[in-house]
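[1] Sequence below, structure please.
(3 chains)
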Amino acid sequence: MTSRSARAKRVTSDAQVPPKGPVTKTRAPVTAVAPPDEAPARKPRAGRPPAAPLVAPTPEHLASVRGPLLDWYDRNRRDLPWRRTKDPYAIWLSEVMLQQTQVSTVIPYWERFLKRFPTARALASAPLDDVLAGWKGLGYYSRARNLHRAAQEVVARFGGALPSTAAALLELPGFGRYTAGAVASIAFGEEAPLVDGNVARVFARVFEVEGLPGDRQREATLWALAAALVKGKRPGDLNQALMEHGATTCRPENPLCLLCPVRTACVAFRKGRVDELPPAKVRATPKKLTLAVAVWPHAGTLLFARRADAGLFGGLWELPGAEIADDAPDTEARARIAAALGVEVKLEGALGAVKRQLTHRDLTLRLLRVSGARRPTSTPAFQELRWCTPADAASLGMSTAMQRALDAALTTGVLAGG
DNA sequence: GAGGCGTGGTA
DNA sequence: TTACCAAGCCT
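    Down below sits the predicted model:
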């Protein structure tokens, strides 16, 4: 069996990207995918470059997927906490947390967060700082900022009640096509389609949708399929069934085809192409990012800084950091920190480094113990500066990377004995 | 539209 | 250890 990792590609930043085929602005040929018992009819137009076919399934083929999938879902659905509520706000929260994040990771966050911010109104009236603290460690922190903004908009424009259509939801910050479809269908019963990574994979196999992730034609095909399939009863369950099926059975690697409820309707299964659909995403090599991080003890506290809202770890607290070259000497690192803080600092010693692997960054935090005659209380490089004890810092919104750096710094005993 | 944006699980 | 990957959105 071909493993996905063997097929997966990785490009370095200076690698040549394979040239894309000639682009045609004319509509690609429409290919009807025949039900598995019949031979597929493919009629690419002569004289044109091959384009991803727009899959147009027959009503029979759709029905042969829809029914068995819903039956399977009724028997196999996982008992997830957000499936026990009909509260649109709670469902919305689950969908945002689940973006690019696995179910098992989300569950404790969802329960904690909902307890702390039980309604859209409660969330809207909370300081962003508290919201980010509730998101601490979950990653992709712009989700929390957008959620907070959207809650405020919901209160201001809709009296605290989430709008009930995908079209209206799409106007809110943090709602893309997927999340709008998910909340509209699951919380409000609208026949709104959704396509996530799971659904894309399921469709690629069942309907033999070609093309790489991100390809426009492919995306259009997937959304058209989702829209066709969701028409009917229980649209929310149908959408969840698709995702659940993709997450548990039609997995990226080692899919459980023998347990698959739609095996007989699956074109890839019939053709033996399950392992080659969908093609693996081409990922860029993470870029190196090195930050000099200031460990500045004073009277049982350390200096913390709140990052700008945009960009990496936006709005989060940190030991004040400044970007440096990977091979920068400590003297240069000290200078960068001094510039960021707007005061002179003295280098007291290096406290080692913490490395973190992000999806897109190879992050190194170099800890430098510093001191200074003038202790800063504000500086343009950061939204806010604050001198905190470790206990104070525990309740700040902070990335896991910086939490590790802080733990490492405290382990060295910088605060011991004042 | 391609790249930025986190983290933890898994093989 | 390393690399891939997961219920995407924003610019």
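[2] does residue A:283 sit in a helix, a strand or a coil?
    strand (DSSP: H, G, I helix; E, B strand; the rest coil).
[3] That one: how many residues sit nearby?
    The tally of other residues near residue A:283 (other CB atoms under 10 Å) stands at 12. Where you see a C-beta, it was placed from the backbone N, CA and C, and this is true even at glycine.
[4] and what of the one 4 residues further on?
    The criterion is other CB under 10 Å. On that basis, residue A:287 has 11 neighbouring residues.
[5] just the helices in the stretch 1-150 of chain A please.
    Assigned by DSSP state H, counting those that start in this stretch, the helices in the stretch 1-150 of chain A fall at A:4-7, A:59-76, A:88-97, A:103-116, A:120-125, A:128-135, A:142-158.
[6] Any idea which of the ones you listed gets closest to DNA strand C?
    With CB to the nearest atom of the strand, the closest approach to DNA strand C among these belongs to helix A:4-7: 4.3 Å.
[7] Quick one: mean pLDDT for that closest one?
    Averaged across helix A:4-7, pLDDT comes to 40.
[8] For the stretch 51-200 of chain A, give me the ranges with low pLDDT.
    Confidence mapping of the stretch 51-200 of chain A against pLDDT under 70 gives the ranges A:51-54.
[9] Residue numbers of the stretch 1-150 of chain A in contact with DNA strand B?
    Neighbours of DNA strand B within the stretch 1-150 of chain A, by CB under 7 Å from any atom of the strand: A:100-102, A:104-105, A:137-142.
[10] Backbone dihedrals for the residue nearest the centre of chain A, both of them.
    Using CA atoms, centre = their mean, the residue of chain A that lies closest to the mean C-alpha position is residue A:100, 3.0 Å off. The phi/psi pair for residue A:100 (degrees, to the nearest 10) reads phi 60, psi 30.
[11] What's the separation between it and DNA strand C?
    4 Å (CB to the nearest atom of the strand, to the nearest Å).
[12] just checking, that residue touches residue A:140?
    Yes - shown here, residue A:100 and residue A:140 form a contact pair, counting by CB atoms under 8 Å, at 6.3 Å.
[13] quick one: the residue in the stretch 101-250 of chain A that DNA strand C sits nearest to from residue A:97, how far?
    Using CB to the nearest atom of the strand, the single residue of the stretch 101-250 of chain A nearest to DNA strand C is residue A:176, 2.4 Å away. As judged by CB to CB, to the nearest Å, residue A:176 and residue A:97 stand 15 Å apart.
[14] which of the residues of the stretch 1-150 of chain A next to DNA strand B lies closest to residue A:269?
    Here the nearest of those to residue A:269, counting by CB to CB, is residue A:102; it sits at 25.7 Å.
[15] coming back round to it: and the residue nearest to the centre of chain A, what does it touch?
    The contact partners of residue A:100, by CB atoms under 8 Å, 6 or more residues apart in numbering, come to A:139-140.
[16] now swap in residue A:71 and tell me
    With CB under 8 Å, 6+ apart, residue A:71 has these contacts: residue A:261.
[17] ok so, going back, any idea how far the residue of the stretch 101-250 of chain A closest to DNA strand C is from residue A:229?
    Computed as CB to CB, the residue A:176 to residue A:229 distance reads 20 Å.
[18] Neighbour count for the two, which is higher?
    Taking neighbours as other CB under 10 Å, residue A:176 and residue A:229 compare with residue A:229 leading, 25 against 11.
[19] Quick check, that one in contact with residue A:65.
    Yes - checked against CB under 8 Å, the pair residue A:229 and residue A:65 is within contact range at 6.6 Å.
[20] Kindly report the residues of the stretch 151-300 of chain A close to DNA strand B.
    A:214, A:216, A:253, A:284, A:287.
[21] same thing but 6 Å
    Residues of the stretch 151-300 of chain A found near DNA strand B (CB under 6 Å from any atom of the strand) are A:214, A:216, A:284.
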